[in-house]
Each structure stands twice: as C-alpha cells, then as structure tokens.
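In: A predicted structure for the sequence below; I have some questions about it.
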Amino acid sequence: MSTSLIGPGPQVVAQGLMTSSADQLHVLGEKTVSNDGRTFRYVKVGGTTLRPGDWLQSPALVANHVNLTPTAVLAVGSTEVTVTLGATAATANQYSGGYMVVELATTGKGQTLLIKSHPSASSSGTLAVTLDDAVSVLTSGTTTVSLTLNRYNGVIQTPVTTLTGTPVGVAVFAIVNAQFGWICSRGLTGALADGAITVGTVASAVPSAAAGAAKVMAATLFAVGMVAKTSIDTQVTPTHVSLD
C-alpha cells in the first residue's frame with residue numbers, strides 16, 4: 001500500500017501518484033486528496049501514453065449509442081434494460097461504470113441509472129444492460145435512453161479544434177496507454193499553454209493551436225483553470241486546475 005496520497009482524513013490508496021499500473025487498483029473516477037489539498041482522479045488511458053502537463057478529456061461519445069429505444073417499458077425495480085443500438089457495435093462492459101439516462105418519456109424521464117455490466121452486441125443489434133441502480137419510475141409513452149461512458153474510462157489528450165468529450169484534468173505522470181493511474185483535477189499543477197496567458201487569467205481547453213494545450217478563455221469556451229504565472233507559448237506553466 002502506498003501512502004503518497006494520504007488526504008486530510010484516514011485515506012490510504014493502493015497506487016501511488018507517479019505510477020502506471022496494468023492492473024486496476026481503484027474504481028475509475030475515484031477521488032483522492034493530497035496533504036496539500038490537491039485533488040486527483042483515478043483513470044484508464046484510452047489513446048496514447050499520457051504526456052505530463054497535457055489537458056485531458058473524457059472518451060468521445062458514441063453517436064450510435066444515444067437516443068436509443070428500449071425494447072420494453074422500464075418497470076419499477078427493474079435492473080435489466082434491453083435497448084436497440086444504432087450502427088455501431090458495443091464491446092462487453094464498454095459502459096460498465098457509466099450511465100443510462102432516460103431522455104424522453106411521458107413519465108419516468110430524467111432517471112440517471114448507473115450501469116453494472118453488459119455483454120457485447122453487434123451493430124444495430126440488441127444490448128441487454130444490467131444496472132446497479134434500479135428503475136425508480138415506470139416509463140410510459142415514447143421513450144429513449146442514452147448510454148454514456150464513465151468519463152474516466154479511456155481519457156485522451158484534448159484535441160486541437162473541438163472537444164469530443166468533457167475536460168477531466170491534467171496528466172501528472174506518463175501513464176501508459178490502456179493502463180491506470182492518477183490525474184490532477186483540482187489544484188496547482190504544470191499545464192500546457194497555447195500562447196501567452198496573463199497571470200490570473202482564466203484558461204480554456206479548446207480550441208487551441210496544439211493538442212493537450214489550454215488558451216485564453218473566451219465566450220462560449222469551457223473554463224478549466226487559471227494560470228499562476230504568465231505563460232509562454234507551447235510551454236508548461238503553473239496552473240490552478242478547477243475541474244472538481
């Protein structure tokens with residue numbers, strides 16, 4: 001057991017901060033706080049080996065796994081829901097730890113249900129989803145649901161032009177692709193900058209001139225933190241991350 005991430009309470013973590021593990025030792029998205037108050041989230045890497053200082057986003061949404069029609073009404077107490085997928089296959093447990101959201105229904109709309117497991121399913125096939133959260137309101141009328149991935153399962157470098165997921169934090173260690181480790185989601189850490197961002201200025205994740213970089217905040221952009229010193233273009237600068 002590592003004590004490198006003991007927080008203000010009696011907290012001990014199984015994996016140290018500056019490590020990459022082929023074995024999953026925590027729940028994805030689990031939060032821990034260091035003695036100095038910084039917050040870290042446990043993730044699995046979904047693209048290439050992380051580069052310390054890069055801004056990261058959640059895995060991209062699967063367009064053919066949203067606005068799906070269940071094969072039957074969602075009954076109160078049920079933990080089994082079958083949906084018909086769009087033209088993209090699903091791998092086994094792809095959505096484990098993610099959520100099923102009831103987006104449209106005459107009654108029962110707005111339920112957010114934690115997904116436990118599911119088998120694989122072919123393109124345009126049916127997918128039987130087992131839930132951790134039981135359905136609490138019977139659905140009626142035309143009903144659609146969307147499957148959303150656990151936002152920490154397959155984190156990637158933020159793209160240059162448009163976010164395909166939501167910002168989740170900054171890499172602090174070179175976690176190997178498909179392995180597990182910690183990223184910073186709140187507090188001071190070194191983060192890549194696009195251009196000169198004046199000290200005390202809010203930073204935004206994208207669009208930027210380089211993948212994994214933040215730039216000066218502007219209208220309609222997503223705020224991710226505030227620089228602690230005026231940045232130098234393409235360099236890592238001390239930044240107060242504010243994503244938790």
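Out: Received, thanks.
In: so who does the residue of the chain most remote from its centre touch?
Out: What lies farthest from the middle of the chain is Gly141; by Cα atoms, centre = their mean that is 31.6 Å. Applying Cβ atoms under 8 Å, 6 or more residues apart in numbering, we find Gly141 in contact with 105-107. No exception for glycine: its C-beta is placed from N, CA and C like everyone else's.
In: report the buried members of the residues you listed.
Out: Ala105 (16 or more other Cβ atoms under 10 Å).
In: who are the packing partners of the helix or strand where Thr32 lies?
Out: Using DSSP states H and E, Thr32 sits within strand 31-33. Contact here means 3 or more Cβ pairs under 8 Å, 6 or more residues apart in numbering; DSSP states H and E; on that basis strand 31-33 packs against strand 39-45.
In: sheet partners, orientation included, of the next helix or strand after the strand it packs on?
Out: Sequence order places strand 55-57 as the next helix or strand after strand 39-45, per DSSP H and E. Strand 55-57 sits in its sheet next to strand 153-157 (antiparallel), strand 167-171 (antiparallel), going by DSSP bridges.
In: how about the contacts made by the nearest residue to Thr79 once chain neighbours are set aside?
Out: Nearest residue to Thr79 in three dimensions, chain neighbours excluded: Leu131, at 4.5 Å (Cβ to Cβ, 6 or more residues apart in numbering). Each residue near Leu131 by Cβ under 8 Å, 6+ apart is listed here: 78-81, 100, 113-116.
In: which residue packs closest to Gly46, ignoring adjacent ones?
Out: Gly154 (2.6 Å).
In: so the one you found touches Val45, yeah?
Out: Yes. Assessed by Cβ atoms under 8 Å, Gly154 is found in contact with Val45 at 7.3 Å.
In: neighbour count winner among those two?
Out: Counted by other Cβ atoms under 10 Å, Gly154 and Val45 do not tie: Val45 has more neighbours, with 24 against 20.
In: so, low pLDDT: which residues of the protein?
Out: For the chain, applying pLDDT under 70 flags the ranges 1-12, 206-207, 219-220.
In: before we move on, back to that, from the contacts of Gly141, which single one is nearest Gly225?
Out: Of all the contacts of Gly141, Ala105 has the smallest distance to Gly225: 37.7 Å, by Cβ to Cβ.
In: returning to what we had before: would you list the contacts of Gly141 in a markdown table and tack on secondary structure and distance to Thr237?
Out: Output for the contacts of Gly141, formatted as a markdown table (DSSP: H, G, I helix; E, B strand; the rest coil; distance: Cβ to Cβ, whole Å):
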| residue | secondary structure | distance to Thr237 |
| --- | --- | --- |
| Ala105 | coil | 47 |
| Thr106 | coil | 51 |
| Thr107 | strand | 51 |
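In: so for the residue nearest to the spatial centre of the chain, what's the nearest residue that isn't a sequence neighbour?
Out: Centroid-nearest residue in the chain: Arg151, 2.0 Å away (criterion: Cα atoms, centre = their mean). Spatial nearest neighbour of Arg151, excluding adjacent residues (Cβ to Cβ, 6+ apart): Ser58 at 3.6 Å.
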